[in-house]
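Participant: I would like the atomic coordinates for the input below:
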Amino acid sequence: MPVMGFGLAADNVMITKGSTPLEHVKASVLAAIQVGYRAFDTASLYLTEGVLGESLKEAFEMGLVSRQEVFISSKLWGTDCYPQDVIPALRKSLEALKLEYLDSYLIHWPFALKKGTMYPFLTPDDVVAIDIEGVWRAMESCVELGLTRAIGVANFSIYKISNILAFAKIPPAVNQVEMHPVWQKKKLREYCKSVNIHVCAWSPLGGPGNSWGSNSTLDNPVVKEIAAKHAKTPAQVALRWGIEKGVTVITRSFNPVRISKNFQVFDWKLDEEDHQKINSITQESTDLVRNFFVNPINGPFKTVEEFWDDEL
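Facilitator: Got it, this is the predicted structure:
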């Protein structure tokens, strides 16, 4: 899996309302391929599987890249997180992507959603417990059927991963989580390394511009100081830091200039002093879990701490 990925988590409300035209997204994917991106991350939730499929088809036909040179990931959304729905959901994703197989397929979150639930219009009762063993068995069947080369999870804690490892025939290959200098996930990263699970960082810049994210990473004085020292942008420092921590960073931008700048992180390095300073940054998570997936009355996760199994 490449250490730099291009994310297609375009706000699905923006997509459906037309403020992020699909042709604009397609042009961004093609620009990313030309810059050098080879990993592309999408999900059924994002409503961008189809436009990524169109972009890849065009790129293959133009000779910009071959199928074997790209790493394509998608995710199983909560409304399909039921054992009988996993394979049909993946087949639907493959149809949209115009591909015969994925390189990795992930369980998007460690819960299921009641049928008919529409994100982001969740109610406190929509989040329900997942039959993780049944769902994981179905994920393993996806590998056995040749529909994906690897399977994994996203937003899973150490405890939740260890639970899967206790019964899995095919262990998770990836855990994709929010990770950036202001939310470093050190314990989780160390655990994943110990059990040979690759960590992939979504929101490696802290989610600026998103309702659940902030500018806390890009505006952090330590990150800005290190950026000035190396004549780089704060975003480049954050991405370089993630890569040097051994993870894949998934960036998202539909701006050609930023797409190119984000990729300019391979011809320089942070030094030990930089890492020590970043290690000292006060840690804080986004409010995504709190705002959408915690139900203090009767949900499977009544607090953020319970969602992360007190690993915060």
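Participant: after the helix or strand of the chain with the lowest mean pLDDT, which helix or strand is next?
Facilitator: Ranked by mean pLDDT, DSSP states H and E, the weakest helix or strand in the chain is helix 12-17, scoring a mean of 44. The first helix or strand that comes after helix 12-17 along the chain, using DSSP states H and E, is helix 22-35.
Participant: what is that following helix packed up against?
Facilitator: Secondary-structure packing of helix 22-35 (3 or more Cβ pairs under 8 Å, 6 or more residues apart in numbering; DSSP states H and E): helix 49-62, helix 256-262. C-betas here are computed from N, CA, C, even on glycine.
Participant: buried residues, that helix. List them.
Facilitator: Neighbour-count burial for helix 22-35, with 16 or more other Cβ atoms under 10 Å as criterion, is recorded at 22, 25-26, 28-33, 35.
Participant: continuing past it, what's the next helix or strand?
Facilitator: Downstream of helix 22-35, the first helix or strand assigned by DSSP H and E is strand 39-41.
Participant: which residues does that next one contact?
Facilitator: Residues from elsewhere that reach strand 39-41, judged by Cβ atoms under 8 Å, 6 or more residues apart in numbering: 1-2, 4-9, 29, 32, 52, 56, 70-74, 176, 200, 202, 248, 250.
Participant: run the chain-centre distance for stretch 283-303.
Facilitator: Computed by Cα atoms, centre = their mean, to the nearest Å, the chain-centroid distance of stretch 283-303 equals 18 Å.
Participant: gap between residue 155 and residue 28?
Facilitator: 25 Å (Cβ to Cβ, to the nearest Å).
Participant: my bad, should have said residue 152
Facilitator: Separation of residue 152 from residue 28 (Cβ to Cβ): 25 Å.
Participant: now residue 2
Facilitator: 17 Å.
Participant: residue 283 now?
Facilitator: Residue 283 is 31 Å from residue 28, by Cβ to Cβ.
Participant: any idea which residue sits dead centre in this structure?
Facilitator: Central residue of the chain (Cα atoms, centre = their mean): residue 202, 4.1 Å from the mean position.
Participant: of the helices and strands packed on helix 22-35, which stretch is the most buried?
Facilitator: Highest mean neighbour count of the helices and strands packed on helix 22-35: helix 49-62, a mean of 18 (counted as mean count of other Cβ atoms under 10 Å).
Participant: parallel or antiparallel, list what pairs with the helix or strand following that helix.
Facilitator: The helix or strand immediately downstream of helix 49-62 is strand 71-76, counting by DSSP H and E. Taking DSSP bridges as the criterion, strand 71-76 pairs within the sheet with strand 39-41 (parallel), strand 104-107 (parallel).
Participant: ok, which of the ones you listed comes nearest residue 268?
Facilitator: strand 39-41 (20.9 Å; Cβ to Cβ).
Participant: residue 73 contacts residue 104, doesn't it?
Facilitator: Yes: taking contacts as Cβ atoms under 8 Å, residue 73 lies within contact range of residue 104: 4.5 Å.
Participant: which of these two has more residues huddled nearby?
Facilitator: residue 73 (26 against 23; other Cβ atoms under 10 Å).
Participant: how much space between the more buried one and residue 61?
Facilitator: With distances taken as Cβ to Cβ, residue 73 is found 22 Å from residue 61.
Participant: before we move on, what about residue 76?
Facilitator: Using Cβ to Cβ, one gets 29 Å for the distance from residue 76 to residue 61.
Participant: residues near residue 38, how many?
Facilitator: 16.
Participant: likewise for residue 183?
Facilitator: Neighbours of residue 183 (other Cβ under 10 Å): 21.
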